[in-house]
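A.B. asks: Quick one, fold the following:
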Amino acid sequence: MSSAGKFVAQMLEASASGYAGLAASLLLERHPEIVERYDPDAFANWKAQLQRWLVDLSAALDSGAAKLFESRMTWTRSEFASRGAPVGDLLAALAALRDTLQEKLPPKVAATAVDPISDALRALEGTGAVERVSSVAAPAAALAYLETILAGNPREAVDRIVGPVDAASAAREVYLNVLMPAQREVGRLWHAGELTIAEEHVITTTTQRAMALLCERGRSSASTGKTVLLASVAGNVHDIGIRAISDFFEMAGWRSVNLGPDVPDDEIARSVAYFDADVLVLSAVLDPHLKSVRRVIERIGSLDGRKAKVIVGGPVFDPLPDLWRKIGADGHAARVEDAVPLAAKLTD
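C.D. replies: Got it, this is the predicted structure:
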């Protein structure tokens, strides 16, 4: 990352609220029709939205991967369409943000922040028909699982998928063909505004119960003699994916220590030393989580006698195949089932 990129990333994060307020005012001044669409809280809503985008932009610049911002805005465009919000409002807001930063940032570094926004605008304006979020259909078994839960029968949903399982291979199949696709469908429904908080919570709680039972049935009696430590980094409250990976390691004979969601950087680094981990798996979902990933890797690198290999995963790494290298990881697991064989390869 260039010194200009680091300087601008820090400036955007520190002043995100102020820049967002200026951009929101400019947006509503230019587009009275947007005021009418989002009243009575048009300014507050757009300021909050723009502030989130500034944090995303700061994270992209901090990671030395400005292209991440374009990817995030492409996803946001689909989210707008799924919620029935005019995509033109997104374009107008990005233009207001670009022009605000062009005016307010020091001239020598303004382009560092403005160029990624301009690139995102060009990409969005050149995109054809808008696809809704996650248009890939979930498998029938995953949909049946969700329908049973939402009909008020979570115990029945668990019994149906856990009952036939009597070995690790069968357990892994349930994770890959039912539970993980079900979680992706939950994400799609949530971002499309078709799922309530209560419904999401009952599905997640049911899936956690199913995973506990599946992992116990699929547990290996053999041991590799190796230890894996897993965590969702600070700010990442999602834990189903990292728990599934933890279970896969346990079923493969590893000692698996899962710290769970939203773990502070220093705690992860200390735990690597405390548990004498051979491999550390970090999960990140959003662009701002990359800063925590980088900090954890830096802290581990400063440990005396460090041996732990670092594997990263999560949606934030998907758009840029080499991002994991830029932040200093030893490998990237794009899918739940990729982590165990990658860890075995790194520790051979």
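
A.B. asks: Please make it C-alpha for all contacts and neighbour counts, starting now.
C.D. replies: Fine.

A.B. asks: Check the secondary structure at the nearest residue to residue 315 once chain neighbours are set aside for me.
C.D. replies: With sequence-adjacent residues excluded and distances taken as C-alpha to C-alpha, 6 or more residues apart in numbering, residue 315 is closest to residue 285, at 5.2 Å. Counting by DSSP: H, G, I helix; E, B strand; the rest coil, the backbone at residue 285 sits in coil.

A.B. asks: Distance of residue 285 relative to residue 346?
C.D. replies: According to C-alpha to C-alpha, to the nearest Å, residue 285 and residue 346 sit 24 Å apart.

A.B. asks: of those two, who's got more company?
C.D. replies: residue 285 (19 against 16; other C-alpha atoms under 10 Å).

A.B. asks: The residue nearest to residue 315 and residue 319 touch, don't they?
C.D. replies: No - with contact defined as C-alpha atoms under 8 Å, residue 285 does not count as touching residue 319 (11.9 Å).

A.B. asks: State the distance from residue 346 to residue 226.
C.D. replies: 12 Å.

A.B. asks: repeat for residue 260
C.D. replies: Taking C-alpha to C-alpha, one finds residue 260 at 19 Å from residue 226.

A.B. asks: Give me the phi and psi for the residue nearest the centre of the chain.
C.D. replies: Centroid-nearest residue in the chain: residue 285, 1.1 Å away (criterion: C-alpha atoms, centre = their mean). In terms of degrees, to the nearest 10, the main-chain angles of residue 285 are phi -110, psi -50.

A.B. asks: go on, residue 237?
C.D. replies: Torsion angles, degrees, to the nearest 10, at residue 237: phi -90, psi 0.

A.B. asks: likewise residue 292?
C.D. replies: Here residue 292 shows phi and psi, under degrees, to the nearest 10, equal to phi -70, psi -40.

A.B. asks: thought it was touching residue 265?
C.D. replies: Yes - judged on C-alpha under 8 Å, residue 292 makes contact with residue 265 at a distance of 6.2 Å.

A.B. asks: pLDDT weak spots in the chain?
C.D. replies: For the chain, residues meeting the criterion pLDDT under 70 lie at 1-2, 127-137, 304-306.
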